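> below: sequence and its predicted model.
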Amino acid sequence: MSVFYRKYQNKNPHSVSYGKWFARAVTIGKTFTVEDLAKHMSEHNTPYSKGAIKGVLTDMIDCIRELMLEGKAVKLDGLAIFSAGIKTKKKGAPTSEDFSTTKHIDSVYMRARATGEFTRAELTKAGSVTELPKNYTDYHEEDEDDPQNPSGGSSSSQSGGTSGGGDNGGTSGGDNSGGDNGGGSNGGGNDVN
């Protein structure tokens, strides 16, 4: 098992890391859907059929969404804690009394904070990191459903440019490392927004 990466150069002239090179994780092949995951799981010596597994996964997704929208957090041991987060407008309200949800909240989104074997430390220990061969073309640099990437995700035809602030020239996708190229400020989890 390996986590693959491509190298990219920081092209943000306002960054202290301008011109430096960094690694960006890439995924290979197609993204697994719930149906693909159910099929994969059914092939791992389980007595459950693909259909039964798909039904449970589909119901689980619906229930996690419902509970999150009720303000609850859902922990799948060994994977992540899912909860809702909010994004507020950058200007904010001048006073507490002036604050309005309709005027000052941009969006509600899903947060996923890694737990157990999916924490940053555990994944770093368990995974090997390999540069993707230059001639390999079936990969994606970002989540195709990322609303912060209006182009619909990057693929092998897109070079590594920048997509935000921070000293590493802006990270792409769900890295959310806060511009420190790997640190992170949210306890090792990533906000999926």
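Arrived safely, thanks for sending. As the structure is a computational prediction, the values presented were derived from the model and not from experiment.
> below-threshold pLDDT in this structure: ranges please.
Where the chain drops to pLDDT under 70, the residues are 142-193.
> show me where it has strands.
Listed in chain order, the strands of the chain (DSSP state E) span 2-9, 21-28, 74-76, 80-88, 105-114, 128-131, 139-140, 190-192.
> can you list the strands that the longest one pairs with?
Okay, so that is strand 105-114. Strand 105-114 pairs in its sheet with strand 80-88 (antiparallel), strand 190-192 (antiparallel), by DSSP bridges.
> max-length helix in the protein?
Counting residues, the longest helix found in the chain (DSSP state H) is helix 50-69.
> related to what we said a few turns ago, TSV for the strands of the chain, including mean neighbour count and distance to residue 49?
C-beta coordinates here come from the backbone N, C-alpha and C atoms, glycine included. As requested, the strands of the chain are exported to TSV (neighbours: other C-beta atoms under 10 Å; distance: least, C-beta to C-beta, whole Å):
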stretch	mean neighbour count	distance to residue 49
strand 2-9	16	31
strand 21-28	16	27
strand 74-76	14	22
strand 80-88	16	26
strand 105-114	15	28
strand 128-131	10	34
strand 139-140	17	30
strand 190-192	17	30
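> can you tell me how far the residue of the chain positioned farthest from its centre is from residue 103?
Here the chain reaches farthest from its C-alpha mean at residue 97, the gap being 34.8 Å by C-alpha atoms, centre = their mean. Separation of residue 97 from residue 103 (C-beta to C-beta, to the nearest Å): 12 Å.
> got the phi/psi numbers for residue 137?
Torsion angles at residue 137 (phi, psi; degrees, to the nearest 10) stand at phi -110, psi -10.
> any idea how far residue 78 is from the nearest residue to residue 35 once chain neighbours are set aside?
Nearest residue to residue 35, sequence neighbours excluded (C-beta to C-beta, 6 or more residues apart in numbering): residue 54, at 5.9 Å. According to C-beta to C-beta, residue 54 stands 21 Å off from residue 78.
> again, but for residue 48
Where residue 78 is concerned, residue 48 sits at a distance of 19 Å (C-beta to C-beta).
> what do you get for residue 95?
44 Å.
> who's more crowded, the two?
residue 78 (12 against 7; other C-beta atoms under 10 Å).
> tell me the contacts of the more buried one?
115-118 (C-beta atoms under 8 Å, 6 or more residues apart in numbering).
> widest-spaced pair of these?
115 and 117 (8.3 Å; C-beta to C-beta).
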